[in-house]
Every structure is written in structure tokens, then in C-alpha cells.
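[1] build the 3D model from these lines:
(one chain, ligands or ions: 1)
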Amino acid sequence: MARYTRLTEPIALITLNNPPVNALSSAVRSGIVDSVSQALKDDQVKAVVFCGENRMFSGGADIKEFSGSMSGPPLVRMIHSIEASEKLMVAAIEGVALGGGLELALGCHYRVANTKARLGLPEVTLGFLPGAGGTQRLPRLTGITAALELITTGRQISAQEALQLGIVDQVTEGNAVQAAMELALSVIGQPLNPRRLSLRPPVWSADVDSVCEVALARVKQHSRGAMAPVACVQAVRAAAMLPYSKGMEKERQLMDTLFRSSQARALQYAFFAQRNAGKWSLPNGARWNNTKARDVQRVGVIGLGTMGRGIAVSLVKAGLSVVALESDAKQLESGKKAVTAMLQRDAQRRGVGSPLHLLTFALSFHQLKDVDLVIEAVFEDMNLKKRVFSDLCKVLRAGTLICTNTSGLNVDELAKVTDRQHLVVGMHFFAPAHVMKLLEVVYGSRSSPEAVAVAMALGKRIQKVCVAVGNCPGFVGNRMLKLYMDQSLYLLEEGATPEQVDQALEEFGFAMGIFKVADLSGLDVGWRVRKASGLIGPDIDPVNPSRWRLGQRYCPLPDMLCQQGRFGQKTGRGWYLYNSPGSKEAKPDPEILNFLEDYRLKYGITPQRISSQEVIERCAFSLANEGFRILEDGIAAGPEDIDVIYLFGYGWPRHRGGPMFYASQVGLSVVLEKMEHYHRIHPDVPSLEPSRLLRRLVAEGSPPIQQWRNHIKNLHSQL
Ligand SMILES: CCCCCCC[C@H](O)CC(=O)SCCNC(=O)CCNC(=O)[C@H](O)C(C)(C)COP(=O)([O-])OP(=O)([O-])OC[C@H]1O[C@@H](n2cnc3c(N)ncnc32)[C@H](O)[C@@H]1OP(=O)([O-])[O-]
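    Prediction:
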């Protein structure tokens, strides 16, 4: 799958042809090797230009091949022989040159890129390092500092930046193949050794050690527990200290270790799971590829609180025209100021014109009469939302979609007050909505496939990772989160401290422990929800609150904190202590330790020593156990969707794949055994009881995660 074409007299063109991204599969590598050998045999050919079909150079090695046995010509050897060739080799980069694609280009003697091309070595995001010479050739071109930054982050850069860093020799606004041919004709006959990066000496400088130390500290802080970024630093360091062949040996050793690691498996799983989440399906058989989404140009946003502001900003940034509505002039003014400032700051940062002309502010529902879709983002209150929905129906055109931004309210109940139940869907954005990537698109029992298609397409257009989920309290993400939060609170009752639980979770890879997250979000938010749901009421003794509610164990600790005015960061006190209200640095609070001790004494709880292992098992396995129930209920289309939700909405460490993938890696029988064990000890926590699906999968031999859908009747995944 590489096409060989003779161009003008001295030049041959080799076109990589493996749609959609021209990944360097075994067939492509064989095609390249054959084509190069054909060019070398042809005395008339003096230069070879490499390019990709459909103006896409290459997305790198074929990731799908990594899970099987690798065959075909090895990439490292292939690139080496291209570089060593006596004939001139030039890469013509259009679209992307990523990973192995860029490594192939670095093996060429010259590189030309179209201005719109993007280049990068994103292997670290898949749990690898650039293992086809990238860690050794790139530093020899850019120096250590730039190479470390690019390789450890996987950041993609523009052609212009690549030119500044010396990665490409020329940038063209026109056709890169044409420009590469012209460049080739102008340099044919010049010596090639200076262009062979592998012949360059190590890029040593006196500050190599300190530069690498700084990079190491940065990657350890940014990606807790991830192996690949650390290995990337070690490999690049070798390029500074060792001759090319020795550096390549180091690169290969490190790559071998990473290649076999469970982290690489998790990251590659996450790569495909993310892409497959967009291929939604509904239980009724409607799917992404059999349902057309109609075009949306004008969107109404109701409510300019924190969520509405972020939603309006995301829509405008994507070029949609927005009518933003508030109920009174004062709130409208403050929302207008905030949205305008966010958009102006963003435009300034990106060096683009301000898109404020796309935004209209309104106080009357009548100004929404011409919109194609409305996103209601008012307070999380069912009655208020119902009022808004029925008012909307009086002004909207017949076919206008109504979406509700809710983190868990019943979408069907809301739809019932409208004259268009089939055009109602939930859109659960995550705060801050202009930053967070995840969007749960919630279909109700009456939502039409087209309405789901429109919401999914709109989410994609505003650059969200969209997952279609069914309607149940909390949908997927928050339904699972509740059990995770419950477990961490029970751990406090039983003897742990907030710091201890958070430390275990952070060592596992979470960017922030659950108690720090709670302080950040505000403890009063959950308090209000619990009051509204009847869990806290006038019949509860505020001094000695009951630990038993609605027929099961209940932990009143967060309510007791709220009674003391400890709402988290915003009040300077929550599970942690902060220097001042609004400050971010969480410090252990001795008052909390005393408070927990008093609480245990009051309720006669003998504190236990809680290990980090128990924290992880009870939190992570509880998440997965509820994930199995969600699959049984048909609320998520497959385990991959649940994992994508946890990766993009809840800070689950990407190198652990997601709670469902983690359970599959630990072993389903181990998870079952542990859940049985914890449920035996805590029979008053029904959620610890292993789910039926978990039991069934274990009984059926614990199939790999990719096969779970074959074992579940309701599952409608496309993977
Ligand atoms: C010991 C062994 C030694 C090995 C040597 C190591 C060599 C090397 O260092 C390792 C690598 O290169 S690692 C690789 C380093 N490279 C990377 O990490 C780049 C990863 N790719 C990307 O970042 C993005 O896909 C692009 C920016 C390329 C396109 O973005 P976009 O336009 O939004 O499109 P999209 O929706 O994202 O994808 C469209 C379809 O293409 C599919 N697919 C994509 N890449 C693939 C691949 N490499 N492969 C296979 N498939 C790949 C994707 O799944 C999807 O399939 P679907 O069936 O239609 O769902």
C-alpha cells in the first residue's frame, strides 16, 4: 500500500496509501521497502519524494497492529535504510506527520511541509516513546530542550513552529509535493552525509543533567505514575550523551519495557474507546451511521450562571450564533460581562478576531423564536426547569430541539411538560463547560434518533468528547460517582483521614484526591441536593444525626461540616484548611482529625488501620461494580463508553484505561472476590454486593473487555 510513480526524469514519488490516516501498517512498510528498492535500481532516478494519499502524510505506526504479533519490515530498519540510501530522499508533508510518520520524515534528507500541516511525536500518549529513532534524531535537529518538551508531552506543532525549530527545511502554502520536487532538483548531487541525522554527534552540553532533571520533575508531577514520560526523558538524555547507535540501543530497551506494559495497553485502549464513543447507538437500533443530524446554526442558551456562561463560550468559539437569555437585567449584565471577557481573552490568546458579533443577549423568551436548538442551563431544580420548558414551547418553532443541561435530573419527566417529547435530550456538561471535554448526551425514552444525532453532532462541533447515555438518576458519571464518594466517606468513619484517602488516590494516578475535589467544587452543592432529595430533613437530629437513612448506611459527616460553614475552598475550610477563602493550597486540618475522632467516639466506632490498597479497592472496584449494573440496565452502550466518561469527566488516570478496563486488567474474579469480601464486612452497604453481570462474566470465564458485549443482552456497543 505504497504507490510508486516516476515523475519527471530524475524523481520518483512514493505515496503512502492506507486511508484514513496512512498509518504505517505492515503492508505500507512492505510497499515502501519495495518502492525504495525499485527507485534505487533505476539509474535514471536521482531523488525520491515521499508523500501521503489524500494530502495526509502519515498518522504514524498502525496502532491496531500493536495488539497482535508484528510482521512485515521493521520500521526502525526501514527508516535507517532510507536515511543511508545513496539517493536523495525528501519528505513532502501535508495533513499530519505524527509518530512513526514524523520519524520516517526525519530519516529523509530534507523535509518540506504545507503551512497547514501538523507535526508531532505523540507516542507518549499511547504509553510508548518514539521508538523508530525519534528520540535520537529529533534532539540532533532541535537540541535537547525542545526535543524533551515535544517528546514528553506529545504536543503537535504547526509547520511554522517546525520550521523555527529546524524540523522542516521549508514551508509552502502550495502543494508540498511540488515544493519537495523543486527542492530535490535544486540539491541533487550535494553531499548527503551532513543531512543524515544519525551521523551527527551526541548533542551534549554542560547543562544536560539539569535540563533532564527539570524535565523529569515536570513529567512526574504532571502524569503521576505514568512510565512513558519518564522513559522519554531517559531516551532523550541518551541522545545527549551517547553516539547514535548506543542511543538507539537505549531507545530499544526502553521501548521493549513500555511495549509490554499494562499502561501502554490501557492508553491504546483509551485511544480507540475515545474514537468509538462518537459511534453511538441506541437500544432501538438507531446509530450514528443510520441517522442524519440536521444542521444547527443558531442556539439559545437559557441561564448565564457558571454552566450557561461556559456553554455559551464553547458555542460561540465554534462559530455558532448564540442568543443568551437571563431572567433579570442584573443577572444578564453580570453574565454578559463574564462571557464577553472570556471570549475576548480567548481571542487574544489565540491571536484571532473577537467573535462577539455572534452573541446576542436577551431577557425575553420571544427572542428565542428563531433558534434551531435551545440549551437550558438554569438552576438544578426540576420545577424551575419544567416551568422553563413549558414557557419555551409557547415561543419555539415546531421543530426546535430542547436540551437540558442537568447533572442527573429525569429527562423524561421534563420532556413530558413539552409539546415535543421526541425533541428533548439531556446535555450534561461538566464545569467549567468551556474547558472540560466531556459531554454526556442523555436520551430519554421518547427522544428521537435525530434529536440524539443533532446533540452528538453539536457536541462534536464544539470539540467535546460526546457519549450517548440512557436516562437514570445521575446518568452514568454521577450515578457511579455517588458510590465512589460513599466509599471514601465510610473509610473516614472507619479510621482513615481525608489526606490518607486522597494520597492513595493520587498515588494511583488521580490528579486530585476525592476530598480535595469536593472542597474545590463546594461541599454545599451536595448538601443542597441531599436536602432536596429528602435525605436531610427536619426529622433528623442535627447534633446526633442518624447513620441510617432510606434503609441503608448513611454518612452524615459532610452535612455536619456544612453545618459548621465549612464549604471547602470558597470558605477557606472544608475537608482541608486553606490560607484564606478562595485559596487553593490544601493543608491538613488538625480540627478535622479531632472532629473525626469525636465522631467515632460518639457513634462507638473503633478506628481501623486502613491501607492504601483498601482505599483503591473499595473506591475503584465500587465504581466498576456500578458500571456493570449500568451495563445490565442498558444505560451505557459498552464498557468503553463508561471508561471514556471517567477519563474525560472525572480525572481517572488515563494510563489505567478507566474503571472498567482497570477491573478487566486486575481480573474480574479478583474484583468479585474483593467485593464479596467487603460486602461480608459491610452488609449495610448494598452497593458493595457484586453485580449480577460481574458474577456472570466471571462464571463465563472472565472474557476480555472487548468481548463483554457478547455476554450482555442489552449491550448495543459498536466496538
Ligand atoms: C517494538 C516495536 C517498535 C515500533 C516502533 C514505534 C514506531 C512509532 O514510534 C510508534 C507510533 O508511531 S505510535 C502512533 C503514533 N501516532 C499517533 O498517536 C497518532 C494517532 N492519531 C491521531 O492523533 C489522529 O487520529 C489523527 C490526528 C491522525 C487524525 O485525527 P482525526 O482526523 O480526528 O481522525 P480520528 O477520528 O482520530 O481517526 C480516524 C480513524 O483513523 C484511526 N487511526 C488514527 N491514527 C491511527 C494510527 N496511528 N493507527 C491506526 N489507526 C489510526 C482512528 O482509530 C479512526 O479509526 P475509525 O475506525 O475511523 O474510528
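
[2] who are the contact partners of I642?
    Contact analysis of I642 by Cβ atoms under 8 Å, 6 or more residues apart in numbering lists V476, M480, G627, I630, L631, A636, G658, P659, M660. For glycine as for every other residue, the C-beta is placed from the backbone atoms N, C-alpha and C.

[3] elements contacting the helix or strand harbouring the fifth one?
    Taking DSSP states H and E as the definition, one finds L631 inside helix 612-633. When contacts are defined as 3 or more Cβ pairs under 8 Å, 6 or more residues apart in numbering; DSSP states H and E, helix 612-633 sits against helix 477-494, helix 498-508, helix 639-649, helix 659-666, helix 668-681, helix 692-699.

[4] and the closest residue to the ligand within the stretch 1-150 of the chain, its phi and psi?
    Of all residues in the stretch 1-150 of the chain, G99 sits closest to the ligand, at 2.4 Å by Cβ to the nearest ligand atom. Here is the backbone geometry of G99 (degrees, to the nearest 10): phi 50, psi -130.

[5] got the contact list for it?
    Residues in contact with G99 (Cβ under 8 Å, 6+ apart) are G59, G60, A61, G120, L121, P122, E123, P130, G134.

[6] go with 7 Å
    G60, A61, L121, P122, E123, P130 (Cβ atoms under 7 Å, 6 or more residues apart in numbering).

[7] what pLDDT is listed against L719?
    pLDDT recorded at L719 is 39.

[8] how about the strands in the stretch 101-250 of the chain?
    Along the stretch 101-250 of the chain, counting by DSSP state E, counting those that start in this stretch, strands occupy 110-114, 118-120, 157-158, 170-172.

[9] tell me the mean pLDDT over the longest one?
    The average of the pLDDT scores along strand 110-114 is 98.

[10] partners of it, with directions?
    Sheet pairing here is set by DSSP bridges, and for strand 110-114 it gives strand 88-93 (parallel), strand 170-172 (parallel).

[11] my guess is Q160 meets V171, correct?
    Yes - if you go by Cβ atoms under 7 Å, Q160 and V171 touch, sitting 6.2 Å apart.

[12] which one's more surrounded, these two?
    Taking neighbours as other Cβ atoms under 10 Å, Q160 and V171 compare with V171 leading, 22 against 13.

[13] could you list everything that one pairs with in the sheet?
    Bridge pairing for V171 - DSSP bridges - gives A113.

[14] separation between I610 and R528?
    Distance of I610 to R528, given as Cβ to Cβ, to the nearest Å: 30 Å.

[15] between those two, which one's more packed in?
    I610 (18 against 15).

[16] which secondary structure state does the spatially closest residue to that one that is not a sequence neighbour sit in?
    Excluding its sequence neighbours, the residue lying closest to I610 (Cβ to Cβ, 6 or more residues apart in numbering) is A496, at 4.2 Å. Secondary structure, DSSP: H, G, I helix; E, B strand; the rest coil: A496 is coil.

[17] turn the contacts of I642 into CSV, including neighbour count, pLDDT and distance to I14.
    Below are those laid out as CSV (neighbours: other Cβ atoms under 10 Å; pLDDT from 0 to 100; distance: Cβ to Cβ, whole Å):
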residue, neighbour count, pLDDT, distance to I14
V476, 26, 97, 46
M480, 25, 97, 49
G627, 29, 97, 46
I630, 26, 96, 49
L631, 28, 95, 46
A636, 30, 95, 44
G658, 30, 98, 39
P659, 27, 98, 44
M660, 26, 98, 42
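
[18] reformat those as JSON lines; add distance to the ligand.
    Below are the contacts of I642 laid out as JSON lines (distance: Cβ to the nearest ligand atom, whole Å):
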{"residue": "V476", "distance to the ligand": "21"}
{"residue": "M480", "distance to the ligand": "26"}
{"residue": "G627", "distance to the ligand": "23"}
{"residue": "I630", "distance to the ligand": "23"}
{"residue": "L631", "distance to the ligand": "22"}
{"residue": "A636", "distance to the ligand": "19"}
{"residue": "G658", "distance to the ligand": "17"}
{"residue": "P659", "distance to the ligand": "22"}
{"residue": "M660", "distance to the ligand": "19"}
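
[19] can you pull the contacts of whichever residue of the stretch 451-600 of the chain sits closest to the ligand?
    With Cβ to the nearest ligand atom, the shortest gap between the stretch 451-600 of the chain and the ligand falls at K460, namely 9.9 Å. By Cβ under 7 Å, 6+ apart, the residues touching K460 are G278, C466.

[20] can you rerun that using 10 Å?
    Counting by Cβ atoms under 10 Å, 6 or more residues apart in numbering, K460 touches G278, A293, A318, L439, C466.

[21] how much space between the third one and Q344?
    Per Cβ to Cβ, A318 is found 17 Å from Q344.
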